[in-house]
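Q: got a sequence here, can you model it:
(4 chains)
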2 protein chains.
Amino acid sequence: MKKQRYTLHDVARIAEVSYQTVSRVINAHPSVSPETRARVQKVIAELGYQPNMVAKSLAVNRSHTLAVLVFGMSHYGPTQIVLNIERTAKALGYDLIFSAINQPSSDALHQAMDNLTGRRVDGILAISPVVGFAYDDLASLCHGIPLVQIDPEIGLEVPSVVVEQTYGSRLVTEYLIGMGHQRMAEISGPLNWFGAIARHEQWTASLHAAGLQPQKSIEGDWSADSGYRSARLLLNDDPGFTALVVGNDQMALGAIYALRERGLRVPDDVSVVGFDDIPEAAFFRPALTTVQQDFNALGAMGVRCLLEFIEAPDTPVQQHLLYPKLIVRDSAAPPR
Amino acid sequence: MKKQRYTLHDVARIAEVSYQTVSRVINAHPSVSPETRARVQKVIAELGYQPNMVAKSLAVNRSHTLAVLVFGMSHYGPTQIVLNIERTAKALGYDLIFSAINQPSSDALHQAMDNLTGRRVDGILAISPVVGFAYDDLASLCHGIPLVQIDPEIGLEVPSVVVEQTYGSRLVTEYLIGMGHQRMAEISGPLNWFGAIARHEQWTASLHAAGLQPQKSIEGDWSADSGYRSARLLLNDDPGFTALVVGNDQMALGAIYALRERGLRVPDDVSVVGFDDIPEAAFFRPALTTVQQDFNALGAMGVRCLLEFIEAPDTPVQQHLLYPKLIVRDSAAPPR
DNA sequence: TACTCGTATGTGATCGGTCACAATTATGAG
DNA sequence: CTCATAATTGTGACCGATCACATACGAGTA
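A: Numbers count the residues shown, from 1 in each chain, chains lettered A, B, ... in the order given. This next block holds a predicted model:
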């Protein structure tokens, strides 16, 4: 009843050679005579034989599998990164096992890591944009498996790839200051995200550097809905701002909705800028001025960095930086 | 140099028992005396021993790994589905290996499937919303591994979970007809997606049933940008429509942008409806009337269906249906 | 002819677990 | 006191591949 799959030995028996010879054919080893090779390949094709990768992994102690551990999936950025990790990994001959962590509890982390290390993946990519998971914490759970972090805390000497959020924030804040805005409010991302912290801090720093006083800042949760609610709070508390810096594009959408609801025009009354440059941002009304992060490059670099680390474990550790860029559209204009 | 990890035999040696006893402790087998169990567990903890799942998989011929094969990832729907598959699978003790197919070429499919079957995953979930990958084609590449499809062609007697797109399309089309719209245009999804086909066909069918003539329909690619471009084409060709049915929310966003660009008001001049109910849809201006699909349920049901199939391969094959629901907001109103 | 050498092929041990069965000890019944 | 039974523990074979090594063979050289 149970369909048994063919093994190396089945092929060997039928092709009348030893199992080692079959193994050689599969691995394209040179010293097999052309006739033998042809005969074995014929049998392989006829049987539809497929080598058992589990057995191979056990024998060579290498699984050709990478793991992605994702915190805060379901947000645009992490999703894009994972997509590109998969693409890059596949191109380089690795499969991906994918594990999401929703609440960053130590328990959930522990369990997920044990699972991955038990599976003997060759390397781990951790998308860890939130505080609470320092490299050392993660690495201690790795049992010696190479680890590369994506978007962790910036400035650490650990194997990782990060976007220079501070730079992006300065770009956009100085752009608004340059236009003449003096009263700026902010809707930040959740302040347990490194990126949100960096952007928020740079926002206040840039304002102070220009001799300006930051207006109120509210912490959102990345969703359009929280952008909407935060903007309403802002308008109730302290409606005098002429520019609003928002932590991502979705929240910017919600904020613009709230602004319009109060009869304020964007950008005439209030300029709004976002962050990320999601594909829809160009079709918001007004088209959103925002900061573009290259999530694709982030994922691809992460994989390359990890593989390098796997091949040559003694490579000097480093943090790769990526720089975001300002995308100017119609949602920001000089104050009236 | 190379860090060697501990094995069952190491633990056995140190705890002074046989390897079989250690195996029993790990698998919570009843017939181990409490003292022995305690002693072994102590050694396991001290050594930080982790069972090698690769070896276990080989021995028991079961990997506790599921594969997701995704066509057309990078779209909102598939992403959500994958997220929920992961969540459900993890809760049930399965890991996920994740493989995306970008262009639906037979080659890429073949390669991806060979990879997965070679890895001896326990089951495969294929998110296959596009034509060209019938169940039989996929199943023939499965080497007997259980397969469940998500969002394949509707109406087939194959193990699968689908959203009744036809129902959703009728819901929204009849809603507009009921408001008095007589001239309706459409921006459909790519017509190699089953969902797009079903919605398009039902759209024309519903109109005919009401004695109305469908206006022009243009095929988009799901992106906001294509929604924008399609709407412009529609407006150039045949500007007389009072309602526009759009294949998803992102394209609806683009379409609304184009409409406004021509000075048309939504919903006053033209009603617009979307499909999917992405979290941002409530913050479009006007807030988008759309059809909600429960992607979470889709993923969760897919996994449960697959596991059932794995446990009991003789279960009668069936297609599970999910019904979408109309979400009324502000983007549709009676024609003037 | 004998010797080396390179090519082609086969054998046994191994990776780290599991399974089926055997062996040992303790317990209770006849 | 002996035997059947159960609880605990150990042994050998096996899952399906790889690796290191041994062997057979024909060709080239001395």
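
Q: show me the helices in the stretch 201-336 of chain A, by range?
A: Remark: helices assigned in the stretch 201-336 of chain A by DSSP state H, counting those that start in this stretch are A:224-237, A:249-261, A:295-311.

Q: least reliable of those going by mean pLDDT?
A: With a mean of 93, helix A:295-311 has the lowest mean pLDDT of these.

Q: check which helices and strands that helix sits against.
A: Helix A:295-311 is packed against helix A:76-91, strand A:123-127, strand A:147-150, strand A:160-163, strand A:319-322, with contacts defined by 3 or more Cβ pairs under 8 Å, 6 or more residues apart in numbering or on different chains; DSSP states H and E. C-beta here means a position set from N, CA and C on the backbone, and glycine is covered the same way.

Q: tell me the angle the second one makes with helix A:76-91.
A: Relative orientation of strand A:123-127 and helix A:76-91, computed by axes from the mean of the first three to the mean of the last three Cα atoms, to 10 degrees: 160 degrees.

Q: in CSV, list the C-alpha atoms belonging to strand A:123-127.
A: Extracted in CSV, the C-alpha atoms of strand A:123-127 (Å, rounded to 0.1, in the frame of the first residue of the first chain):
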residue,chain,number,x,y,z
GLY,A,123,22.9,29.5,8.9
ILE,A,124,20.3,31.8,10.5
LEU,A,125,19.1,35.2,9.3
ALA,A,126,17.3,37.1,12.0
ILE,A,127,15.2,40.0,11.0
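
Q: low-confidence stretches in chain A?
A: Of all residues in chain A, those with pLDDT under 70 make up the ranges A:1-4.

Q: in the stretch 151-300 of chain A, which residue sits nearest DNA strand C?
A: Nearest residue of the stretch 151-300 of chain A to DNA strand C: A:Pro159, at 25.3 Å (Cβ to the nearest atom of the strand).

Q: state the number of residues packed around that residue.
A: Neighbourhood size, A:Pro159 [other Cβ atoms under 10 Å in any protein chain shown]: 23.

Q: my guess is it meets A:Pro316, correct?
A: No - shown here, A:Pro159 and A:Pro316 do not form a contact pair, counting by Cβ atoms under 8 Å, at 9.7 Å.

Q: ok, back up a step: pick the most deeply packed of the helices of the stretch 201-336 of chain A.
A: Ranked by mean neighbour count, the helices of the stretch 201-336 of chain A are led by helix A:249-261 with a mean of 25 (mean count of other Cβ atoms under 10 Å in any protein chain shown).

Q: tell me if that helix is near chain B.
A: Yes - applying Cβ under 8 Å from any Cβ of the partner chain, one finds that helix A:249-261 is in contact with chain B at A:Gln250, A:Leu253, A:Gly254, A:Ile256, A:Tyr257, A:Arg260.

Q: contacting DNA strand C as well, which ones from these?
A: Among the residues of helix A:249-261 next to chain B, no residue lies close to DNA strand C (Cβ under 7 Å from any atom of the strand).

Q: can you put these in TSV and add distance to A:Ile197?
A: Listed next are these as TSV, based on distance: Cβ to Cβ, whole Å:
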residue	distance to A:Ile197
A:Gln250	19
A:Leu253	23
A:Gly254	21
A:Ile256	24
A:Tyr257	26
A:Arg260	30
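
Q: and which of the residues you listed is nearest to B:Ile218?
A: Lowest distance from B:Ile218 to these (Cβ to Cβ) belongs to A:Leu253, with 25.2 Å.

Q: so what's the residue count around the residue nearest to A:Phe98 when sequence neighbours are not counted?
A: Leaving aside its sequence neighbours, A:Phe98 sits nearest to B:Phe98 (Cβ to Cβ, 6 or more residues apart in numbering or on different chains; 4.4 Å). Neighbourhood size, B:Phe98 [other Cβ under 10 Å]: 24.
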